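Peer 1: Quick one, what's the 3D model for this:
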Amino acid sequence: MRDKTVVTISTVIFIITATIVFFLYQKKTSFEKITTVPTKAPEQKSTTLLFVGDIGLGREINWQIQNKKDPKFPFLKIKSEIEDADLSIANLEGPLIENCPLTRTGFKFCGQPGNALGLKFAGFDLVNLANNHTNNYGPDGFLETSQILKKNNIDYFGKEKIVYKNLNNLTLAFLGYDDIVRRLDINEMEVAVKNSRQKADIIVVSFHWGEEYQQKPNQRQRTIAYSAIDAGADIIIGHHPHTIQPLDYYRQKPIFFSLGNFLFDQLWSEQTRTGLIAKITINNKNIIKIETVITWINDQYQVERSN
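Peer 2: Down below sits the predicted model:
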């Protein structure tokens, strides 16, 4: 009888011990399961590109800068709009050279080398040099301009130079073409855009095109823009008309046919004093937001926000 009691007690102890061990094991494995759940990957940081139209640092603008001895002067009221973007891009209309003639009229543009300090102060990182005034002082003037920009940490694209920028795990390609001095070879442009797609996530193509002072794009502009997008371009930026032309879309890609004048000495009309800033936000290699800001060139030749 005593032996049977001992066996019963031993059995009970075994069952209790096994139950406790099982419970502890389950608790441990449950805890492990909780702690090994992977955390959510952080979202990719957005990238903001900012574009403006024509900037002319020659003629009357150059005269005003030299008179005030301050290349920052034209940009004092607009700097805050430009510098916050990850990349700010403009069309620079005319070379920057030593011994630039100080003139307030004419159609041969140039500005003093020190004028580049204004671009740097405003926050511009990149300029298009594919336009009808780039070669106003020949190849030497172009070379000097590129060197002055480099000294001020401003890169350029156009004139067969493609620029690639890497930001926030995003590779951007910038291509620039002039359709004014010499008619653009659309086939050559398409090949360049297609080749850029092999290296870039987002392709921006800047065109100097259209008709001056016209507020609507012509068929030539549309043909070029659509061809660029068909070849792989994601963003089209236009300039030269000196007036704003509308934003359009083709295959869900934005086309700014003309951003108008950002800084130019054409104060004779409301249209030539008004410009457009385009802010394009990109996330996960997709355009997620487009914003615009209207600018105005005041009587002192300063750019200011209009809206």
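
Peer 1: Bridged to residue 172, which residues?
Peer 2: Per DSSP bridges, the residues bridged to residue 172 are residue 165, residue 202.

Peer 1: ok, longest strand in the protein?
Peer 2: In the chain, assigned by DSSP state E, the strand with the most residues is strand 286-297.

Peer 1: With just CA atoms, put that strand into PDB.
Peer 2: Output of strand 286-297 as PDB, limited to C-alpha atoms (Å, rounded to 0.1, in the frame of the first residue of the first chain):
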ATOM      1  CA  ASN A 286       7.900  58.500 -59.100                       C
ATOM      2  CA  ILE A 287       6.700  62.000 -59.400                       C
ATOM      3  CA  ILE A 288       4.300  62.500 -56.500                       C
ATOM      4  CA  LYS A 289       3.700  66.300 -56.500                       C
ATOM      5  CA  ILE A 290       4.000  69.300 -58.800                       C
ATOM      6  CA  GLU A 291       3.800  72.800 -57.400                       C
ATOM      7  CA  THR A 292       4.100  76.200 -59.100                       C
ATOM      8  CA  VAL A 293       5.000  79.600 -57.900                       C
ATOM      9  CA  ILE A 294       4.400  82.800 -59.900                       C
ATOM     10  CA  THR A 295       7.300  85.300 -59.900                       C
ATOM     11  CA  TRP A 296       7.500  89.000 -60.800                       C
ATOM     12  CA  ILE A 297      10.400  91.200 -61.900                       C
END
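
Peer 1: tell me how far the ends of stretch 197-214 are from each other?
Peer 2: Using C-alpha to C-alpha, to the nearest Å, the end-to-end distance of stretch 197-214 comes out at 32 Å.

Peer 1: Helix or strand next in line after the helix or strand harbouring residue 121, which one?
Peer 2: Assigned by DSSP states H and E, residue 121 falls within helix 116-122. Downstream of helix 116-122, the next assigned helix or strand under DSSP H and E is strand 126-128.

Peer 1: And the next helix-or-strand element following that next one, how far out from the chain middle?
Peer 2: Using DSSP H and E, the next helix or strand after strand 126-128 towards the C-terminus is helix 138-151. Centroid displacement of helix 138-151 relative to its chain, using C-alpha atoms, centre = their mean, to the nearest Å, is 22 Å.

Peer 1: tell me what the next helix or strand after helix 138-151 is packed against?
Peer 2: Per DSSP H and E, the first helix or strand lying C-terminal to helix 138-151 is strand 155-157. Applying 3 or more C-beta pairs under 8 Å, 6 or more residues apart in numbering; DSSP states H and E, one finds that strand 155-157 makes contact with strand 126-128, helix 138-151, strand 163-167, strand 170-178. From N, CA and C alone the C-beta is placed, and that goes for glycine too.

Peer 1: Quick check: can you name the pairing partners of strand 155-157 and their directions?
Peer 2: Sheet partners assigned to strand 155-157 using DSSP bridges are listed as strand 126-128 (parallel).

Peer 1: quick one: low-confidence ranges for the chain?
Peer 2: Within the chain, the stretches with pLDDT under 70 are 1-43.

Peer 1: Strands of that one, residue ranges please.
Peer 2: With DSSP E as the criterion, the chain has strands at 47-55, 87-92, 126-128, 155-157, 163-167, 170-178, 202-208, 235-239, 244-250, 253-259, 261-263, 274-283, 286-297, 303-305.

Peer 1: returning to what we had before: now do the helix holding residue 121: which elements does it pack against?
Peer 2: Judged by 3+ C-beta pairs under 8 Å, 6+ apart, helix 116-122 is in contact with helix 79-83, strand 87-92, helix 138-151.

Peer 1: Relative to the whole chain's centre, how far out is it?
Peer 2: 17 Å.

Peer 1: Distance to residue 142 added to the strands of the chain, as CSV?
Peer 2: Output for the strands of the chain, formatted as CSV (distance: least, C-beta to C-beta, whole Å):
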stretch, distance to residue 142
strand 47-55, 16
strand 87-92, 11
strand 126-128, 13
strand 155-157, 10
strand 163-167, 16
strand 170-178, 12
strand 202-208, 15
strand 235-239, 18
strand 244-250, 27
strand 253-259, 23
strand 261-263, 21
strand 274-283, 25
strand 286-297, 26
strand 303-305, 25
